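Participant: structure, please.
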Amino acid sequence: MTIERVLHEKFGSSRPVHGNDIQAYSCALGWYLAGDPLEFTLREDFEEELGWLHPYLEGRADLMATLMLGTRFLQYVGKEGVYYRRMLAATQEQWPRMHEKTATKLRGLETRRGSFFAGGVRDYRDQAPADAPVVLFPPFYSGDCTSQFTPIDAAFDWPEPTFGELDEDAKERIIEQVQDRPNSAKYGRGIPGVRLQKRTEATPKDSGDGIHRYQLQYGGPLGFYDLAGALDLWKTKHGKDMR
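Facilitator: Down below sits the predicted model:
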């Protein structure tokens, strides 16, 4: 929630930030910052191993703190081996202290969201006012939207949104549809080393072409490319990093 924190520090509540997401953890945090209920309940299949969490699921801050800490240890639940058992035992032993510290920080958090929508960007885009600045952070790797917080999905029942995967054509269509919004010059693409530059604006000396260009940054700008060109060059330099 870097954008929310930065804008809140500068403008307070005078310029509320509205947003959307589809992942369990991001949705929980979005709802929490918007003041909405957190409808996360422990699944019956996890009662035996995680039933001790119930006292820490009652209040909004307590539940949010549990989900935040869950991103660190839920990956060990249900796995066989001495290492996993030790990690879970250590987590449970330290839990009261860790949870209280996290919940206290959440209760004192001043950052807020104007509203939060659990759903895909294409559905949310249609709800955004035409004059609202937009910042996009679409996924890059296939399955990025759903793979990051699967342990939370496995352990907790929650109102999961429906959405469609964003392929490259869909990403380009979204950019085309929001490119004329004010102050919406940069869009996160989730591509390391690639930044989408502001489209060429019309001036008395330059009619402008309205095309977004991708600037590659490997120790410095190397040129401007369309999305396909940027991805091709990125793959030659970082292809081994692809999952």
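Participant: pretty sure Gln23 is touching Phe149, no?
Facilitator: Yes. Look at Gln23 against Phe149 with Cβ atoms under 8 Å: they come within range, at 5.2 Å. The way it works is simple: take the backbone N, C-alpha and C, and place the C-beta from them, glycine included.
Participant: and those two? Which one has more around it.
Facilitator: When neighbours are counted by other Cβ atoms under 10 Å, Gln23 comes out ahead of the other of Gln23 and Phe149, with 22 against 19.
Participant: now do that one against Ala118, distance only.
Facilitator: 10 Å (Cβ to Cβ, to the nearest Å).
Participant: ok, Glu39 next?
Facilitator: For Glu39, the distance to Ala118 equals 10 Å [Cβ to Cβ].
Participant: what do those two both touch?
Facilitator: By the contact definition Cβ atoms under 8 Å, 6 or more residues apart in numbering, Glu39 and Ala118 are jointly contacted by Pro159.
Participant: more neighbours: these two, which one.
Facilitator: Per other Cβ under 10 Å, whichever of Glu39 and Ala118 has more neighbours is Ala118, with 23 against 13.
Participant: for stretch 154-173, measure first residue to last.
Facilitator: 33 Å (Cα to Cα, to the nearest Å).
Participant: let me see the mean pLDDT of it.
Facilitator: In this model, stretch 154-173 has a mean pLDDT of 81.
Participant: so what secondary structure elements neighbour the longest helix along the chain?
Facilitator: As assigned by DSSP state H, the longest helix anywhere in the chain is helix 82-107. On a contact count with 3 or more Cβ pairs under 8 Å, 6 or more residues apart in numbering; DSSP states H and E, helix 82-107 meets helix 60-73.
Participant: now the helix it packs on against helix 82-107, angle please.
Facilitator: For helix 60-73 against helix 82-107, the angle by axes from the mean of the first three to the mean of the last three Cα atoms, to 10 degrees is 150 degrees.
Participant: what's helix 60-73 in contact with?
Facilitator: By Cβ under 8 Å, 6+ apart, the surrounding residues in contact with helix 60-73 are 24-25, 28-29, 32, 37-38, 40, 53, 56-57, 87-88, 91, 95, 98-99, 102-103, 106-107, 149, 151-152, 155-156.
Participant: same thing but 6 Å
Facilitator: Applying Cβ atoms under 6 Å, 6 or more residues apart in numbering, the external contacts of helix 60-73 come out as 28, 32, 38, 53, 56-57, 91, 98-99, 102-103, 106-107, 152.
Participant: list buried residues within those.
Facilitator: For the contacts of helix 60-73, a burial check counting by 16 or more other Cβ atoms under 10 Å picks out 28, 32, 38, 53, 56-57, 91, 98-99, 102-103, 106, 152.
Participant: right, I'll call it a day here.
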